[in-house]
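Enquirer: model the structure of this input:
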Amino acid sequence: MRQFLQKAEEAGLRAIEADGLRLAKLAGSVGHRGVVARVQALAQVKSLDDLLDAITEPPLLLVLDGVTDPHNLGACLRVADGAGAHAVIAPKDHAVGINATVAKVASGAAETMPYFMVTNLARTLGELKERSIWCLGLSDEATGSLYQADLKAPTALVLGAEGTGLRQLTRKTCDGLVSIPMLGAVESLNVSVASGICLYEAVRQRQ
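Expert: You can find the predicted model right below:
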């Protein structure tokens, strides 16, 4: 807290001491961490096309098909931000939007990572392919390994929800499918863990 107050002072912000009850009223819940701030929303990119038009390096996108758990989405946004991905994309009908739980789990990434909810995910993947972005789906049934894929090129990594995986149309629309090698007893990984593995493999190859 002392470090936080020092940073606030350096930024020219005024800190007002308050008890826990007042903070809970301001935050709307008791799930705060001892600090409440009034802020202005960051300007967001209006559309995926605008974002892609502005990128000067090979795009790296994370596509989530059917992820409805806010904790998973928050963790995915956080790892996408950490890996320097350009955006996270999800369908409107099979995904969770940004809410308080997502924002808390994302630890700031919900404000910095562009998150686009699209009407038709298969159509959006088709539009990405028209931009020469390779759409690579993750499936435990794929014979090829993630580590054999070339992720230095413009890439959209497409991951499905735990249990159900990618929907059939999404699988068909992808340019290819790969899997993460599973060497133990469990059959699958949490989608945010799998996202981290895939994104950071792209980071490793690009560096």
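
Enquirer: from here on, contacts and neighbour counts on C-alpha atoms
Expert: OK.

Enquirer: where do the domain boundaries of this protein fall?
Expert: Domains of the chain are assigned by automatic domain parsing as 1-39, 48-206.

Enquirer: for the shortest one, how far is the first residue from the last?
Expert: Between the opening and closing residues of domain 1-39 there is a gap of 19 Å (Cα to Cα, to the nearest Å).

Enquirer: spatially central residue for the chain, please.
Expert: Per Cα atoms, centre = their mean, the C-alpha nearest to the average position across the chain is that of Leu77, at 2.9 Å.

Enquirer: which strands or helices does the helix or strand harbouring that residue pack on?
Expert: Assigned by DSSP states H and E, Leu77 falls within helix 70-82. Secondary-structure packing of helix 70-82 (3 or more Cα pairs under 8 Å, 6 or more residues apart in numbering; DSSP states H and E): strand 87-91, helix 100-106, helix 109-112, helix 191-206.

Enquirer: residues in contact with the shortest one?
Expert: When contacts are taken as Cα atoms under 8 Å, 6 or more residues apart in numbering, the neighbours of helix 109-112 outside the stretch itself are Ala41, Leu42, Gly74, Leu77, Arg78, Asp81, Ile98, Val102, Ala103.

Enquirer: list buried residues within those.
Expert: Buried subset of those (neighbour count, 16 or more other Cα atoms under 10 Å): Gly74, Leu77, Arg78, Asp81, Val102, Ala103.

Enquirer: and the first one, how close does it get to Gly28?
Expert: Noted for Gly74: a distance of 19 Å to Gly28, by Cα to Cα.

Enquirer: what of the fourth one?
Expert: Per Cα to Cα, Asp81 is found 26 Å from Gly28.

Enquirer: repeat that for the third one.
Expert: Relative to Gly28, Arg78 is positioned 23 Å away (criterion: Cα to Cα).

Enquirer: next one: Glu111
Expert: In terms of Cα to Cα, Glu111 sits 19 Å off from Gly28.

Enquirer: who's more crowded, those two?
Expert: Neighbour totals were compared for Glu111 and Gly28, and Glu111 leads with 16 against 10 (other Cα atoms under 10 Å).

Enquirer: confidence score at the more buried one?
Expert: Glu111 carries a pLDDT value of 90.

Enquirer: ranges for the strands of this structure?
Expert: For the chain, applying DSSP state E gives strands covering 60-65, 87-91, 115-118, 134-138, 155-160, 176-178.

Enquirer: to Gly20, which of those strands lies closest?
Expert: Smallest distance to Gly20 across these (Cα to Cα): 32.5 Å, for strand 115-118.
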